[in-house]
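J.: Predicted model and sequence below, questions to follow.
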Amino acid sequence: MTCLVKYIHRTMIRFENISKIYNSHSVALKDVTFEVNPHEFVSLVGRSGAGKSTLLKLLIAEEKPTSGKIFFNRQNVLKMPNRELPFLRRQIGAVFQDFKLLPNKTAYENVAFAMEVAGKSEREIKNDVSRVLDLVGLKDKMNNFPRELSGGEKQRVAIARAMVHRPSVIVADEPTGNLDPINTWDIIRLLLKINELGTTVILATHDKEIINALERRVVSLENGTVARDENPGRYILS
Amino acid sequence: MTITLAAWTSIFLLNVVLTSVLDILAEKVDVSVYFNLDTKESNILSLKAKLEGLKEVASVEYVSAEQALQIFKKSHAGDEVLIKSVQELTDNPLEASLNILAKDSSNYGVIADFIDQSAEKSAISKINYTENKIVIDRLNNIIRILRESGAVAGLVLALVAFLVAFNTVRLAIYSSREEITVMKLVGASNWFVRGPFIVEGILHGFIGALFSLAIVVSIVAFLGPKLLNFLPEINMVNYIGDNFWFLLLFQALGGIILGVFSSWVAVRKYLNI
């Protein structure tokens, strides 16, 4: 019993027997079970279509699994009523391959926007947005529009937006997929820095070099199932 | 939005005009019962009282023989030959009559039947209903067809206008779908996303109402006096003047409901993530 209590307290995210079946020809995930603990830096690896993105979408309730349970801080994400989803999403910062920035807003406004939706005060927004843009090293470009920023800078704005709610976890879905090697490493270093500051990071990628250089926990997905879960792990795909 | 509201209001105003034209025509239809010359006034008045008791009857007017003569003289005042010939008569040749106005023009048949079966029937020299029957029936048909086809045409037009406005709003929101997705993913509640679109819907509805009222008022100001020339009973300019606030309210409410409804339905599609 004491063991169970300890286990529940330590686990931040738990995927339990998750399956996602689009149709009989397209099975994204099959009976996936694993956990993520606070302050961990976990890489999800696998080929395109292995189910990495699907898993992250399930965590932020952008999609629903066919079966299984997902716990975030001991709460079952799937049983959350719709009106509570915004609060879940403010605790999980999401970063996407295609940045998902609003093109008609400046870097500052894109980040501030995430706070406005949470109903934060003007002063709080000003304060926190400058702080987080400073963290990602974009303070001097906060009045630039996304089209005036490089790919790496855009992704840093997106990370700033994900960080502004001070979430306990950042999920990054192929954040370096559209970037050159130099920018890629800038983003990875930034994610490591965020992790050192105490935020859990889940990074989905198929970039072998990154994974092997990170020397952190690696969860390998193959054909929708967990093939390996090693800490520290390497990029090994059969 | 403006066009839709203007179309709705025009349909509404056309309906008002049509209804009043029909009412005016219907009022011109009545039934007259003529009595034999020797009928006592008390008999006529008793039939009048009975008729007034019928629920189909709006009013009954008694025209005595003397009154009939005066009306005759008055309407033929210029015709000396006729006046002289009347004066030469010792007796009044004109019959007393009851002019009956029904509440609805389709009720004249019932009233005519009632008179036909009443105790005073023997004193009646003629009922002009039978003479006017064809005209009355035809008028009834026209009224019915106009009302029904008007309602159907109005409904179809209103529906088309509604779909046009609805699709315009949907297209506008379609172009914001990415913004809505991002809002939802960074943790916006449904109301936070919906709010601005609903407010926009209200504003569009209200501004649309102002524009459409301006259009309708200028059309009426142009056409109203012309209509007055051949239908003196219908004064559209006065009607608009008297009902200005009602029309504004009608349009504004219509516009706001349309705007809010369209925004609500169109946004809902993108909120589902």
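T.: On my side now, so go ahead.

J.: so where's chain A uncertain?
T.: A:1-9, A:238 (pLDDT under 70).

J.: Contact distance from chain B - what residues of it qualify?
T.: A:60, A:62, A:82-83, A:86-90, A:94, A:100-102, A:113-114, A:117-119, A:161-162, A:165 (C-beta under 8 Å from any C-beta of the partner chain). Backbone N, C-alpha and C define where each C-beta goes, glycine included.

J.: and those residues, which of them are in strands?
T.: Among the residues of chain A next to chain B, the ones falling in strands (DSSP state E) are A:A94.

J.: Would you write out the ChimeraX command that picks the buried residues out of the residues of chain A next to chain B?
T.: To isolate the buried ones among these in ChimeraX, judged by 16 or more other C-beta atoms under 10 Å in any protein chain shown, type:
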select /A:60,62,86,88,89,90,94,100,101,102,113,114,117,118,161,162,165
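
J.: for chain A, which residue is closest to the average position?
T.: Nearest residue to the geometric centre of chain A (C-alpha atoms, centre = their mean): A:V171, 0.6 Å.

J.: who touches whichever helix or strand that one is part of?
T.: In the assignment (DSSP states H and E), A:V171 maps to strand A:169-173. By C-beta atoms under 8 Å, 6 or more residues apart in numbering or on different chains, the residues outside strand A:169-173 that reach it are A:12-13, A:36, A:52-53, A:56, A:59-60, A:91-97, A:159, A:162-163, A:191, A:194, A:199-204.

J.: same check, this time on stretch A:224-231
T.: A:20, A:27-34, A:50-51, A:216-221, A:236-238.

J.: now the stretch 101-250 of chain B, which segments are flagged as low pLDDT?
T.: B:105, B:129-133, B:136, B:230-234.

J.: What segments of it are strands?
T.: Listed in chain order, the strands of the stretch 101-250 of chain B (DSSP state E, counting those that start in this stretch) span B:124-127.

J.: how about the residues of it near chain A?
T.: Going by C-beta under 8 Å from any C-beta, the residues of the stretch 101-250 of chain B near chain A are B:178-179, B:181-190, B:192.

J.: now, among those, which is nearest to A:I211?
T.: Of all those, A:I211 sits closest to B:L185, with 25.7 Å by C-beta to C-beta.

J.: okay but that closest one is in contact with A:A94, surely?
T.: Yes. Using C-beta atoms under 8 Å, B:L185 is in contact with A:A94, at 5.9 Å.

J.: Thought A:I18 was touching A:F71, still the case?
T.: No. Counting by C-beta under 8 Å, A:F71 stays clear of A:I18, with 11.0 Å between them.

J.: Look at those two and report which has more neighbours.
T.: Using other C-beta atoms under 10 Å in any protein chain shown, the more surrounded residue of A:F71 and A:I18 is A:I18, with 26 against 17.

J.: is it true that the more buried one lies in a strand?
T.: Yes. Secondary structure of A:I18 (DSSP: H, G, I helix; E, B strand; the rest coil): part of a strand.

J.: ok, it - contacts?
T.: Taking C-beta under 8 Å, 6+ apart as the test, what A:I18 contacts is A:L29, A:D31, A:V32, A:T33, A:L55, A:L58, A:P65, A:S67, A:G68, A:K69, A:I70.

J.: same check, this time on A:I187
T.: A:G152, A:Q155, A:R156, A:I159, A:P175, A:T176, A:L179.

J.: Quick one: which of the residues you listed is the most crowded by neighbours?
T.: Neighbour-wise, the contacts of A:I187 (other C-beta under 10 Å) top out at A:Q155, 29 neighbours.

J.: got the contact list for that one?
T.: A:V95, A:F99, A:P175, A:T176, A:N178, A:L179, A:N183, A:I187 are the contacts of A:Q155 under C-beta under 8 Å, 6+ apart.

J.: I'd like the residues you listed laid out as a markdown table, including secondary structure and distance to B:L248.
T.: Formatted as a markdown table, the contacts of A:Q155 follow (DSSP: H, G, I helix; E, B strand; the rest coil; distance: C-beta to C-beta, whole Å):
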| residue | secondary structure | distance to B:L248 |
| --- | --- | --- |
| A:V95 | strand | 51 |
| A:F99 | coil | 47 |
| A:P175 | coil | 55 |
| A:T176 | coil | 59 |
| A:N178 | coil | 54 |
| A:L179 | coil | 58 |
| A:N183 | helix | 59 |
| A:I187 | helix | 58 |
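
J.: and the spatially closest residue to B:L203 that is not a sequence neighbour, how far is that from B:S10?
T.: Counting by C-beta to C-beta, 6 or more residues apart in numbering or on different chains, B:L203 lies nearest to B:G259, which is 7.6 Å off, once chain neighbours are set aside. Separation of B:G259 from B:S10 (C-beta to C-beta, to the nearest Å): 20 Å.

J.: Which one's more surrounded, those two?
T.: When B:G259 is set against B:S10 and neighbours are counted by other C-beta under 10 Å, the residue ahead is B:G259, at 27 against 18.

J.: End to end on stretch A:164-178, go ahead and measure it.
T.: 23 Å (C-alpha to C-alpha, to the nearest Å).

J.: export the helix or strand that contains A:R228 as PDB, just CAs?
T.: Using DSSP H and E, A:R228 falls within strand A:225-230. Taking Å, rounded to 0.1, in the frame of the first residue of the first chain, the C-alpha atoms of strand A:225-230 are listed here in PDB:
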ATOM      1  CA  THR A 225       3.600  -0.100 -29.600                       C
ATOM      2  CA  VAL A 226       6.400   0.600 -27.200                       C
ATOM      3  CA  ALA A 227       9.400  -1.300 -28.500                       C
ATOM      4  CA  ARG A 228      12.000   0.000 -26.000                       C
ATOM      5  CA  ASP A 229      12.000   2.200 -22.900                       C
ATOM      6  CA  GLU A 230      15.600   2.900 -21.700                       C
END
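
J.: what are the pairing partners of that strand, and which direction each?
T.: Using DSSP bridges, the strands paired with strand A:225-230 are strand A:217-222 (antiparallel).

J.: quick one: buried residues of the strand it pairs with?
T.: Buried residues in strand A:217-222 (16+ other C-beta under 10 Å): A:R217, A:V218, A:V219, A:S220, A:L221.

J.: what's the spacing between stretch A:12-19 and its chain's center?
T.: 15 Å (C-alpha atoms, centre = their mean, to the nearest Å).

J.: do the same with stretch A:80-93
T.: Distance of stretch A:80-93 from the chain centroid (C-alpha atoms, centre = their mean) equals 14 Å.

J.: Please apply the same query to stretch B:237-250.
T.: That offset, for stretch B:237-250, works out to 16 Å (C-alpha atoms, centre = their mean).

J.: now swap in stretch B:13-24 and tell me
T.: With C-alpha atoms, centre = their mean, you get 4 Å for stretch B:13-24.

J.: Quickly list the domain ranges of chain B.
T.: With domains defined by automatic domain parsing, chain B comprises B:2-22+B:153-271, B:27-138.

J.: deepest of those domains, which one?
T.: domain B:2-22+B:153-271 (a mean of 17; mean count of other C-beta atoms under 10 Å in any protein chain shown).

J.: First-to-last residue distance for that domain?
T.: Domain B:2-22+B:153-271 end-to-end distance (C-alpha to C-alpha) = 28 Å.

J.: For it, what is the distance to the chain centroid?
T.: That offset, for domain B:2-22+B:153-271, works out to 22 Å (C-alpha atoms, centre = their mean).

J.: Over to stretch A:147-160?
T.: Here stretch A:147-160 is found 16 Å from its chain centre; the criterion is C-alpha atoms, centre = their mean.

J.: Just the helices from the stretch 101-250 of chain B, written as ranges.
T.: Under the criterion DSSP state H, counting those that start in this stretch, helices of the stretch 101-250 of chain B are mapped to B:108-117, B:129-174, B:177-185, B:190-230, B:236-242, B:244-271.

J.: so what's residue 124 up against?
T.: Answering for chain A, as no chain was given. So A:E124 contacts A:M115 (C-beta under 8 Å, 6+ apart).

J.: looking at chain B here, not the other one
T.: B:V33, B:Y34, B:F35, B:N36, B:I115.
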